[in-house]
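Student: From the sequence below, what's the structure:
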Amino acid sequence: MPRRLLLLLVLIAGGFALQPAMAETTVSQSAIVSSHAFLKHHPDLRYRFQGLREYERGDYRRAMGRFLIAAQWADKPSQAMIAQMHFLGRGVPRDPVRGYIWMDLAAERGEARMVAERERYWEQLDESQRARVLELGPEVYARYGDEVTGPRLARVLEHGRRAMTGGRLGTSSQLDVVLPTTAGSITVRGEEFYQDIYWDLPSYWAWQIRDWDAVPNWRIETGAPSR
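Tutor: As a prediction, the model looks like this:
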C-alpha cells in the first residue's frame, strides 16, 4: 500500500489532473492503516482503497461501485471521487449537476480544498442546472450525508475496538500488535494502534482533516489524467 494512504484523490476537471503532493506518514502509521486488522473495522478506508485501485486500472464502473459503498460510510474523499466521475462522465453518463451535488457533500465538513472545488463546480453550472441541484440534492444527502452515515460508522468503529480488545482497552492497549507489511512484519504498541484518532469518530475525522491540511501544495498537470 503506498504512503498516500488516507487522502489519495485524483481530482480531475477542465482538462487538468490535480494530484495532491502527499503528506508523509510514519512507517507504523502506514502499517496500521493498511493492515487487515484495521481495514476490517474501517469500511470507509477499505472500500476507498478498493475504488482507487480500480480507478487506477481504468475500470471506472467498478471503481464507482466501490466509492459508493465507501460513501455510505461517510468517506469524503470517495464522495469527491464520485463527484469528479459524474462531472467528467467516467463510469457513468456525464452529469455536472450530480457532480456538484456530490462535491457539495464531500465539502460537508468544511475542508477548505473540498469547498474550493465545490465552488468551482458551481460556477460552471447554468441556471437550469442549479435548479436541478436544489431538486435532486436532498435525496443524496438523505442517504449519504454525515447525519446518516456518521452514526453508522461510529458504531462499527466502537464495535471493532471492543472486539479486538475484548472490552478491556486499559489492559490490551499495553500489548504489542504485530502487523505484516510488504517488507516483513513490524510491531507497534497497542496504545498506538488503539488510540482515539483511529477509533473515536470525532477524533478520527479530525485526524483525517489534519492529514489533508498537512499536504503542502497541489501539482497541476495538463493532459490526460493519470491511471
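Student: What residues sit buried inside the helix of greatest length in the chain?
Tutor: Longest helix in the chain, counting residues (DSSP state H): helix 146-165. In terms of neighbour count (16 or more other Cβ atoms under 10 Å), helix 146-165 has its buried residues at 146, 149, 150, 153, 154, 156, 157, 160, 161, 164, 165. Bear in mind the C-beta positions are built from the backbone N, C-alpha and C, glycine included.
Student: quick one: average confidence on that helix?
Tutor: Mean per-residue pLDDT for helix 146-165: 92.
Student: For the residue most central in space within the chain, report the pLDDT, please.
Tutor: Nearest to the mean C-alpha position of the chain, counting by Cα atoms, centre = their mean, stands residue 77 at 3.4 Å. Looking at residue 77, its pLDDT stands at 89.
Student: Just the C-alphas of the helix or strand hosting it, formatted as PDB.
Tutor: In this assignment (DSSP states H and E), residue 77 forms part of helix 76-88. Only the C-alpha atoms of helix 76-88 are listed here, as PDB (Å, rounded to 0.1, in the frame of the first residue of the first chain):
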ATOM      1  CA  LYS A  76     -15.400  12.300   2.000                       C
ATOM      2  CA  PRO A  77     -12.500  11.500  -0.400                       C
ATOM      3  CA  SER A  78     -14.700   8.800  -2.000                       C
ATOM      4  CA  GLN A  79     -17.600  11.200  -2.300                       C
ATOM      5  CA  ALA A  80     -15.200  13.700  -4.000                       C
ATOM      6  CA  MET A  81     -14.100  11.000  -6.500                       C
ATOM      7  CA  ILE A  82     -17.800  10.200  -7.200                       C
ATOM      8  CA  ALA A  83     -18.300  13.900  -7.900                       C
ATOM      9  CA  GLN A  84     -15.400  14.100 -10.300                       C
ATOM     10  CA  MET A  85     -16.600  10.900 -12.100                       C
ATOM     11  CA  HIS A  86     -20.100  12.300 -12.600                       C
ATOM     12  CA  PHE A  87     -18.600  15.700 -13.700                       C
ATOM     13  CA  LEU A  88     -16.400  14.000 -16.300                       C
END
